[in-house]
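> With the input below, show me the fold.
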Amino acid sequence: MQFLQNQLYRIGAGYSGECNADAYIERTQFPQMMKVFTDVHLSTSPKFTFQIDTLVITERYVLIVEVKNLKDTVRFVPNPPHLEQVLKTGDEVVLDCPVHQIESNKSNLDEWFRQRGIHLKTLGLLVLANPNTKVIDAPDDFPIIYKKQIPFYLQKLQPFERILTSSQIETITRQMIVEQQQFNPFPLCSFYHISPSDLRKGLLCPDCHGQLRQKNRETWYCPSCSKKADDPYNEAIQDWFMLVKNSMNNEECRNFLRLKNGNAACYVLSKSNLVKKGKFKTAFYIVGNRINCP
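Predicted structure coming up:
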């Protein structure tokens, strides 16, 4: 559970850092046409999607901006590539190398462009959202700056020769908007690389996330905060579809909701709004329009 809490903290801290950095990008004066995309998700194949924090497209360059909201001291280790974060408490955390991540995304974006008949090389930039972050052993061949330095850095890139026309930028913009509309991050465990085994099981309180207890046949309550829950089964099933998988069978329902046996799981699933597919042991349930026979 602590792992999940750390993941959620990092996601929240990262999003805050991205918003701060985007504000500095917006302050930059661009003499030519430009587009800024945030939280970009693009696909180079049906089974592969890559994510970019911020993407800046101008007539003269295409820039991937990766924002990291790190505190205290970070050290770049080249072989194998990773980041060591040393906190003031003395604790050390090993993180993925952001430079390696950007280089991978550069290759992915170049391939995305190539598939659309646009041949160019993209640039990368690592931005540290926290101005108090101390950096040790930073690579000499890759730009790493603090967020306040963003306008000055971007303006230095202006002398590059033109690589995209205004028409091409508009075409790229339309294609990216279409792909963004098709993107679906669910189930979240797969998207954030969280193991479902780390999730808490059972019927949980929607307020404090404590384990619920049954007061009577229709009502559950939380011993920790005394809140009542009228329909915890459906809420738990919704959590499953949001977090774990786009289908649920009897065994998965029994284990995830911590039900006493298969009959209890069968009852819960039959009372849900899910649509049943298959028969007997191969049956499973999905979200859909359920038709009730008269």
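
> Please enumerate the strands of the stretch 151-294 of the chain.
Remark: strands assigned in the stretch 151-294 of the chain by DSSP state E, counting those that start in this stretch are 213-214, 220-221, 228-229, 275-277, 284-286.

> So which other helices or strands are in contact with the third one?
Using 3 or more C-beta pairs under 8 Å, 6 or more residues apart in numbering; DSSP states H and E as the contact criterion, the neighbours of strand 228-229 among helices and strands are strand 220-221. In this view, the C-beta of every residue, glycine as well, is placed from N, C-alpha and C.

> again, but for the last one
Using 3+ C-beta pairs under 8 Å, 6+ apart, the elements in contact with strand 284-286 are strand 275-277.

> so how far is the strand it packs on from its chain's centroid?
29 Å (C-alpha atoms, centre = their mean, to the nearest Å).

> which strands and helices sit next to that strand?
Partner elements for strand 275-277 (3+ C-beta pairs under 8 Å, 6+ apart): strand 284-286.

> and the strand it packs on, average pLDDT?
Strand 284-286 carries an average pLDDT of 92.

> which outside residues touch that strand?
Asn246, Ser247, Met248, Asn249, Cys253, Leu269, Ser272, Leu274, Val275, Lys276, Lys277, Gly278 (C-beta atoms under 8 Å, 6 or more residues apart in numbering).

> so Lys147 touches Leu128, yeah?
Yes. Assessed by C-beta atoms under 8 Å, Lys147 is found in contact with Leu128 at 6.9 Å.

> how deep is Cys225 tucked in, by neighbour count?
Using other C-beta atoms under 10 Å, the number of residues around Cys225 comes to 11.

> Disregarding residues adjacent in the polypeptide, which is nearest to it?
Cys208 (4.5 Å; C-beta to C-beta, 6 or more residues apart in numbering).

> Give me the neighbour count for the one you found.
Here the number of neighbours of Cys208 (other C-beta under 10 Å) works out to 11.

> Pull the contacting residues for it.
Counting by C-beta under 8 Å, 6+ apart, Cys208 touches Cys222, Ser224, Cys225, Lys227.

> Filter the contacts of strand 284-286 down to the buried ones, ChimeraX style.
Selection of buried members from those for ChimeraX, criterion 16 or more other C-beta atoms under 10 Å:
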select :248,249,253,269,272,274
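
> quick one on the thing from earlier: tell me the two of the contacts of Cys208 that are most distant?
Across the contacts of Cys208, the longest distance by C-beta to C-beta is 8.5 Å; it joins Ser224 and Lys227.

> overlap in contacts of the two?
With C-beta under 8 Å, 6+ apart, Ser224 and Lys227 have common neighbours Cys205, Cys208.

> and stretch 94-114, how far out from the chain's middle?
With C-alpha atoms, centre = their mean, you get 16 Å for stretch 94-114.

> Restrict it to CA atoms and write it as CSV.
These are the backbone C-alpha positions of stretch 94-114, laid out as CSV (Å, rounded to 0.1, in the frame of the first residue of the first chain):
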residue,chain,number,x,y,z
VAL,A,94,16.3,5.1,-7.3
LEU,A,95,14.4,6.5,-10.3
ASP,A,96,14.2,6.0,-14.0
CYS,A,97,16.7,8.2,-15.9
PRO,A,98,14.7,11.1,-17.4
VAL,A,99,17.3,11.7,-20.1
HIS,A,100,17.0,8.1,-21.2
GLN,A,101,13.2,8.6,-21.2
ILE,A,102,13.4,11.7,-23.4
GLU,A,103,15.8,10.0,-25.8
SER,A,104,13.3,7.1,-26.1
ASN,A,105,10.4,9.5,-26.7
LYS,A,106,12.5,11.3,-29.3
SER,A,107,12.8,8.1,-31.3
ASN,A,108,9.1,7.3,-30.8
LEU,A,109,8.1,10.8,-32.0
ASP,A,110,10.5,10.6,-35.0
GLU,A,111,8.8,7.3,-35.9
TRP,A,112,5.3,8.9,-35.5
PHE,A,113,6.3,11.7,-37.9
ARG,A,114,7.9,9.2,-40.3
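
> Cool, thanks, signing off.
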